[in-house]
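Novice: 3D model of this:
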Amino acid sequence: MTSRLTAFGLAFLFTSILLAQEVPDTLNLVPNGDFEQIEGKLRRLGGIDAAKGWESPTDAQADLYSETVDPASPVHVPKNAHGFESGLSGQNYAGVLWYSYLDKEPRSYLQVKLKKMLKKGQKYCISYYVSLSDLSKYASDHMGAYLAPIVIHKKDEASLTYEPQVPSLMTKVYGDVDGWQGVCGVYEAKGDEQYLVIGNFAPTE
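Specialist: Presented below is the predicted three-dimensional model:
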C-alpha cells in the first residue's frame, strides 16, 4: 500500500509473520515477525524501514501502521489512509500494494533477514495473516513467498519476477476487509536461504 493507492488498487495488510521448522521444533526464524519493534519515528506511508529488521527490496516502499502514532496520521491504527483495521494482536502491522489496474501503481514487497540460514532438506512452515484494505477494488490470490540466499535490492519500482517457492500460498482468493485471514505453506529448504520476501510475483496478465 502506498500513498498513491487508487480505487483500482489491491492492497494487503500483514501481521504476525512466521517461518518455523515443522520438525523438530517450532522456533520462529523471522525477527520482529509482529512488527512491534520500531526504530526511529513513524510519520508517513512508506515507512516499513521503521520496523526493526524489515525493508522493501525495491524503491516502492511498503507501509507500517501503528496505534502509537497521532490519530490524524495516515498510518494510524485502526483508522488510516486506506480504511479501518485493528491489529490481530499488538499495536502494529505492515501493508503492501499487491496489484493495480494496468500497473498504474508499483507493487511493494516485504523483506527480512532470517535469524539463521535454513537447513538443507528441512521442511519449514511459512505463515502469516492478511486483510484486504477497505479501499481496494479487487481481491487476489498469488500470496507468494520467496526464500533467497542474498538480500534483494532493486533500484527501481519494477515488480519482482522471481518464482515463489511456496505456490500453495497462491491457490485461494483473499478478499476479507473486515478481519484477518491466515495464509500458510510448506517449503523444503535447499540450505542457503537467508532472506524471506513476501509479495505478488505473478505476471500482470
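Novice: rest of the way, CA atoms for contacts and neighbours
Specialist: OK.
Novice: quick one: Arg107 and Asp59, what's the gap?
Specialist: Distance, Arg107 to Asp59, using CA to CA, to the nearest Å: 10 Å.
Novice: Now the common contact residues for those two.
Specialist: Glu157 (CA atoms under 8 Å, 6 or more residues apart in numbering).
Novice: More neighbours: these two, which one.
Specialist: Arg107 (28 against 17; other CA atoms under 10 Å).
Novice: list the contacts for the more buried one?
Specialist: Counted by CA under 8 Å, 6+ apart, Arg107 has contacts Ala60, Val96, Leu97, Trp98, Tyr99, Ser100, Glu157, Ala158, Ser159, Asn200.
Novice: hmm, which of these are the buried ones?
Specialist: Ala60, Val96, Leu97, Trp98, Tyr99, Ser100, Ser159, Asn200 (16 or more other CA atoms under 10 Å).
Novice: Would you map the strands across the protein?
Specialist: For the chain, applying DSSP state E gives strands covering 9-21, 54-55, 63-66, 79-80, 83-84, 92-100, 110-113, 123-132, 144-148, 181-188, 195-199.
Novice: Point out where this protein drops to low pLDDT.
Specialist: 1-12, 14-17, 19-26, 168 (pLDDT under 70).
Novice: try it again with 90
Specialist: 1-28, 40-41, 43, 88-90, 99-104, 125, 127-130, 135-144, 164-186, 202-205 (pLDDT under 90).
Novice: Ala148: how many residues sit nearby?
Specialist: There are 18 residues near Ala148, going by other CA under 10 Å.
Novice: Tell me which residues touch Thr171, please.
Specialist: Applying CA under 8 Å, 6+ apart, the residues near Thr171 are Asp141, His142.
Novice: now Lys79
Specialist: Pro71, Glu85.
Novice: gap between it and Asp63?
Specialist: For Lys79 relative to Asp63 (CA to CA), the value is 14 Å.
Novice: sorry, back to before: turn the strands of the chain into a markdown table, including distance to Leu29.
Specialist: Conversion of the strands of the chain to a markdown table gives the following (distance: least, CA to CA, whole Å):
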| stretch | distance to Leu29 |
| --- | --- |
| strand 9-21 | 5 |
| strand 54-55 | 13 |
| strand 63-66 | 21 |
| strand 79-80 | 30 |
| strand 83-84 | 30 |
| strand 92-100 | 18 |
| strand 110-113 | 9 |
| strand 123-132 | 10 |
| strand 144-148 | 12 |
| strand 181-188 | 14 |
| strand 195-199 | 10 |
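Novice: Tell me what the residue nearest to Leu147 when sequence neighbours are not counted is bridged to.
Specialist: Of all residues not flanking Leu147 in the chain, Leu196 sits nearest, at 4.8 Å (CA to CA, 6 or more residues apart in numbering). Leu196 has the following beta-bridge partners by DSSP bridges: Val112, Leu147.
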